[in-house]
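J.: sequence first, predicted coordinates after that:
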Amino acid sequence: MSTPPPPGPPPETSAAFWADGLRFAFGTLTVFPVTVRRWDRGAARAGMSLAPVAGLAVGVLAAATGLLLLVLGAGPLLAAVASAAVPAVLTRGLHLDGLADTADGLGSGKPAEDALRVMKQSDIGPFGVITLLFVLLAQVAALAQAYGESWGRGVLAAVVAGTVGRLALTLGARAGVPAARAEGLGAVVAGVVSVRGAVVAAVAVTVVAVGVGAVLGAYGVLGAVLAVVLGCVVAEGVLRRCVRRFGGVTGDVFGALEETAVTVALVAFCLFA
């Protein structure tokens, strides 16, 4: 009697597949106490598809912290600083570090292999410092403006931006985007999300953003939609630049995509909502 073949990977429609994906998303992209049971491209496919869910959770906690400070008597600026700091804490600064390293790599002017070595160094160079400074200033300024106009506007801005930032990770992990290295997080997640899956995620986030923006009326809907679209478009520009420059994506590049999308989404929401 022949031995039956070993079971293949779980189908993408199974509950276990998506449960492993949620663990991958939260365990990789946040500090939430989640055990990642599978560290393979199957789990990465589900996890990167569900990255906006992790972003939504981070955005809600950031907004709740800002709102709590406002209730306690703090001003819009302090609430904005807190709402910008919470995502950094919940990711151990992973995405900000990736942004700085990517900026150093892009600004080094060196060939791809040398630029990748620059990005792996533990220190931060001048390009990274300058980029971090202006990105964080932009995030705090946009959130302060939103909270200053109304508490609800600031809360919605934080939630939308957090979700859009992780949507940029889903889009960056779509099929056809290569990894720059054979190891590391970038190699695990590069190209794992189908183009169809990336489109579904983008549509889902846009629908949620419309629902959130509707609280502020027609301009709120417009601002929310533009936050999604512009955040993803600018992040796509960064992605393409990195692929041309480094030959593919790395974990640092994904961090740069997330912070880029968050910053642009916040600015767009404040300008148009």
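T.: Happy to help now that I have it.

J.: wait, isn't V36 in contact with A25?
T.: No: with contact defined as Cβ atoms under 8 Å, V36 does not count as touching A25 (9.4 Å). Glycine gets a C-beta too; all of them are placed from N, C-alpha and C.

J.: compare those two (neighbour count), which wins?
T.: It is A25, of V36 and A25, that has more neighbours when counted by other Cβ atoms under 10 Å, with 29 against 14.

J.: next SSE after the helix or strand harbouring the more buried one?
T.: A25 is located in helix 15-29, with elements delineated by DSSP states H and E. Remark: after helix 15-29, the chain's next helix or strand is helix 41-49, criterion DSSP H and E.

J.: which strands and helices sit next to that following helix?
T.: Applying 3 or more Cβ pairs under 8 Å, 6 or more residues apart in numbering; DSSP states H and E, one finds that helix 41-49 makes contact with helix 15-29, helix 151-172, helix 185-189, helix 195-213.

J.: using CSV, list the CA coordinates for the worst-scoring helix or strand of the chain on mean pLDDT.
T.: None of the helices or strands of the chain scores lower by mean pLDDT, DSSP states H and E than helix 185-189, at a mean of 85. Taking Å, rounded to 0.1, in the frame of the first residue of the first chain, the C-alpha atoms of helix 185-189 are listed here in CSV:
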residue,chain,number,x,y,z
LEU,A,185,12.5,40.1,5.7
GLY,A,186,12.5,41.5,2.2
ALA,A,187,13.4,38.1,0.7
VAL,A,188,10.5,36.5,2.7
VAL,A,189,7.8,38.9,1.7
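
J.: find the nearest non-adjacent residue to G220, please.
T.: G213 (3.8 Å; Cβ to Cβ, 6 or more residues apart in numbering).
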